[in-house]
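[1] Could you work out the structure for the sequence below:
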Amino acid sequence: MEVEHGGNADLQLEDVEGWSDENWGNEDLTEVWSEGAAEVAPSTTGEAAERSPTQSSTDVAPPTVVAAPASSVGLRLQVGIKAGMDQVDRNHVNAVIAQVSEGSAFWKNEERKEERTSERITQMLRRRDELEADGSLRAPAVARTVDTAVAEVEAARNLTRCVVHIDMDSFYAAVEERDNPELRGKPMAVGGIGMLSTSNYAARKFGVRAAMPGYIGKKLCPSLIIVKPRYSAYKEASEKVHEVLARWDPNVRQVGMDEAYLDMTSHAFSSTVDSGGGSSNMCASEAGPAQEHWGEPECLARVEAAIARMRTEISEATGGLTASAGIAPNRMIAKIASDVRKPNGQFVVPPTKEAVLGFVERLPVRKVGGIGKVTASILERLGIVECQHLFTQRHLLSLLFSKKSFMFFLRSSLGVSTSTSFGSAFAEASTAGRKSISTERTFRSIADPEKLRAKCRELCASLARDVEKHRLEGRNVGLKLKTVEFTVLSRAVTLPNYVRTAADLQTAVCALLNKELQVQGGLNLRLIGVRLSALRSTDDGGAKAGHALDHYLKPLKSEVIAGSGPAQVVVSTSASGPPAPTSSPPSDSLQCPVCQTMLPSGCDANAHIDECLSKRTIRELVKSHNETVSATTTARPKKKPRVKGPLDMFLQSST
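    Residues are numbered from 1 along each chain as shown. Presented below is the predicted three-dimensional model:
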């Protein structure tokens, strides 16, 4: 995926809370070592976990611990991570980086990050030695807990679906080469002197890659041609790609401008190889769970033929742009597989446990999405360089890392993905439950306040388009600022009303910027980002995106109770959800489950309920309820059940 600064494609599959400082390469998505995660688990019972045929039940000796690298972790080139860079001379690249960057603000920032990482590694190695010395690694409780975790991961293994990851080859650079044939075959990159968004394969041979400063790219390859990005051209090409993919799977899940996932299960059993194929002319993601195994030779042949046809259609629709594909039983493996035959190729991992384990066991951990360069460096110091080492060292990892990180490492070592949604949920998952939506842009240093405000307005306009596209609005507006010294400042404000227009976003963001300019006495920035969170959907009357009360509010339509007289509440038990109060007309009104107030038509029900659930309101309700209970107990025998108030009713209905 291209590194995009200021385009629309930075809308990720899943938003990670908070903004991390930029690194060269992928950001770490896993939790970093947690001190509290090193406790020995209590004794439990359970069956021994199932192991890979290539991994014995008794752990092999751990690989040799790698010595600390001489150069800074942040400055090392991760060789072999990007397609076309397998033969790059890493030592030469590191020497050039050091020569160009030493003493600069970038270099000093990398040294600070390296110092923090080294301290973390030292603490972790010390803790490992303590665990080995006191026998914790061999404790039966640890073994049982880890075996239970392995069994849990294995139970989630799903080999029934055919998932395809489509990744456009060097997308930005390919669009530029298509529109300017003179660039073909020459080392070129898209971006600027401050930062490159992508590079073509001719430039990658010199070590030039995405997320690298342009001036370092020029030093590595003096003949490098740097082209300014044209996001409108990339967006147009991306839309054409999406049109092709949607013909094969209407529920295609697009990730940025140049990546997408498709569920092609039914095409494995189709008698035709075209975009209309599928069981009984049913699109892939409409089909139910596969009754047959798509790993049969004839099914694999159909899938590979269909993907080859799809890639041809993409090339024809975009004027010659090429795409690579990965075909596998889950999204994690499919994404990694799409990089194997780049550019303009495809690779299939058959849907068998043996094939999946064989594919991941020799895979460098850095290839796994979510393991960034810092985590990879920490694992390397522990002697973990391949995914098979994540499994053989699972007991150690369970004691050194948090449970969430340990489970992520375990799933990665076994090739099991956490993504299990298919069909319409396969496409809707990118919006449902989304916590935030953001965009950011890196540029050459700017200190002029007016130019900084102009950048903010430009980003707000881009964010507003993305918000409109996903039919969202939000109340929390955030601003991210990175100075030329690489110091990152994040500021946010919660608004009284939901916003989605560029004008509203600009008002909030510029107010945050003006305040920070005043506090700091001026700013010299190289990156600005804007974010909108506390989201809700603009569909269905503005129901909050992923709101836990959505399922409660839907059955709250009022009904007329025959002979009931004044409005009253009738609580009933339903297997499909919480109790559904009913009341007198009007039939389109809603009742607040907290305060029992009937809300008029058009009222923002979620906003009202949020207010009712505030700490102040809850304290008032509890106080009022306690007074009622106190009065009741005085007038009645002690054994009389206390009166249930509105808060009890709400809490009971939520369990």
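
[2] partner residues bridging Ile446?
    Note on Ile446: beta-bridge partners Leu525, judged by DSSP bridges.

[3] What of Glu440?
    Gly529.

[4] So it versus Val255, what's the distance?
    Distance of Glu440 to Val255, computed by Cβ to Cβ, to the nearest Å: 17 Å. Any C-beta I mention is one placed from the backbone N, CA and C, and that applies to glycine too.

[5] Quick one: the strands in the stretch 451-600 of the chain, in order.
    For the stretch 451-600 of the chain, the strands defined by DSSP state E, counting those that start in this stretch cover 472-483, 488-499, 525-537, 590-591, 598-599.

[6] Which secondary structure element of the chain has the lowest mean pLDDT?
    helix 550-553 (a mean of 40; mean pLDDT, DSSP states H and E).

[7] Which secondary structure state is assigned to the nearest residue to Lys367 once chain neighbours are set aside?
    For Lys367, ignoring the flanking residues on the chain, the nearest one in space by Cβ to Cβ, 6 or more residues apart in numbering is Ile336 at 5.6 Å. Ile336 falls in the helix class when you classify it by DSSP: H, G, I helix; E, B strand; the rest coil.

[8] What is the burial count for Ile336?
    The number of residues packed around Ile336, counting by other Cβ atoms under 10 Å, is 23.

[9] Same check on Asp86?
    When neighbours are counted by other Cβ under 10 Å, Asp86 registers 11.

[10] ok, it to Ala511 distance?
    For Asp86, the distance to Ala511 (Cβ to Cβ) stands at 49 Å.

[11] Looking at Glu296 now. What's its pLDDT?
    On pLDDT, Glu296 comes in at 89.

[12] backbone phi and psi for it, please?
    Glu296 has phi and psi values of phi -60, psi 150 when expressed as degrees, to the nearest 10.

[13] quick thing: my sequence starts at 317, can you match it?
    Shifting the count to begin at 317 puts that one at Glu612.

[14] roughly how far apart are it and Phe422?
    53 Å.

[15] Comparing these two, which residue is more hemmed in?
    Taking neighbours as other Cβ under 10 Å, Glu612 and Phe422 compare with Phe422 leading, 20 against 14.

[16] tell me the helices in the stretch 417-566 of the chain, going along the chain?
    Along the stretch 417-566 of the chain, the stretches classed as helices by DSSP state H, counting those that start in this stretch are 421-449, 456-471, 487-495, 517-520, 530-536, 547-564.

[17] The last one: which residues count as buried?
    The neighbour-count criterion (16 or more other Cβ atoms under 10 Å) identifies 547, 550, 553-554, 556-557, 560-562, 564 as the buried residues of helix 547-564.

[18] now swap in the third one and tell me
    Of the residues in helix 487-495, those buried by neighbour count under the rule 16+ other Cβ under 10 Å are 487-494.

[19] what's the answer for stretch 771-788, then?
    Quick answer for stretch 771-788 (16+ other Cβ under 10 Å): 771-776, 778-780, 782-783, 786, 788.

[20] Check stretch 527-540 too.
    Under the neighbour-count criterion of 16+ other Cβ under 10 Å, stretch 527-540 has 527-537, 540 buried.

[21] so how far is Ala421 from the nearest residue to Ser761 once chain neighbours are set aside?
    In space, and not counting its chain neighbours, Ser761 is closest to Val800: 4.7 Å by Cβ to Cβ, 6+ apart. Look at Val800 and Ala421: by Cβ to Cβ, they are 6 Å apart.

[22] if we can go back for a sec, take the helices of the stretch 417-566 of the chain and lay them out in JSON lines including mean pLDDT and distance to Leu715.
    Putting the helices of the stretch 417-566 of the chain into JSON lines (pLDDT from 0 to 100; distance: least, Cβ to Cβ, whole Å) gives the following:
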{"stretch": "helix 421-449", "mean pLDDT": "89", "distance to Leu715": "6"}
{"stretch": "helix 456-471", "mean pLDDT": "95", "distance to Leu715": "7"}
{"stretch": "helix 487-495", "mean pLDDT": "96", "distance to Leu715": "42"}
{"stretch": "helix 517-520", "mean pLDDT": "93", "distance to Leu715": "39"}
{"stretch": "helix 530-536", "mean pLDDT": "92", "distance to Leu715": "39"}
{"stretch": "helix 547-564", "mean pLDDT": "95", "distance to Leu715": "44"}
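
[23] Select, out of the ones you listed, the one closest to Gly688.
    Proximity to Gly688 (Cβ to Cβ) singles out helix 421-449 among the helices of the stretch 417-566 of the chain, at 11.2 Å.

[24] My guess is the residue nearest to Lys683 contacts Leu679. True?
    Yes - assessed by Cβ atoms under 8 Å, Ile652 is found in contact with Leu679 at 6.9 Å.

[25] Just give the number of residues close to the nearest residue to Leu679 once chain neighbours are set aside.
    Nearest non-adjacent residue to Leu679, counting by Cβ to Cβ, 6+ apart: Cys703, 4.6 Å away. Using other Cβ under 10 Å, Cys703 has 24 other residues around it.

[26] contacting residues for Cys703?
    By Cβ atoms under 8 Å, 6 or more residues apart in numbering, the contact list for Cys703 reads 676-681, 684, 728-729.

[27] Roughly how far does it sit from Leu695?
    10 Å.
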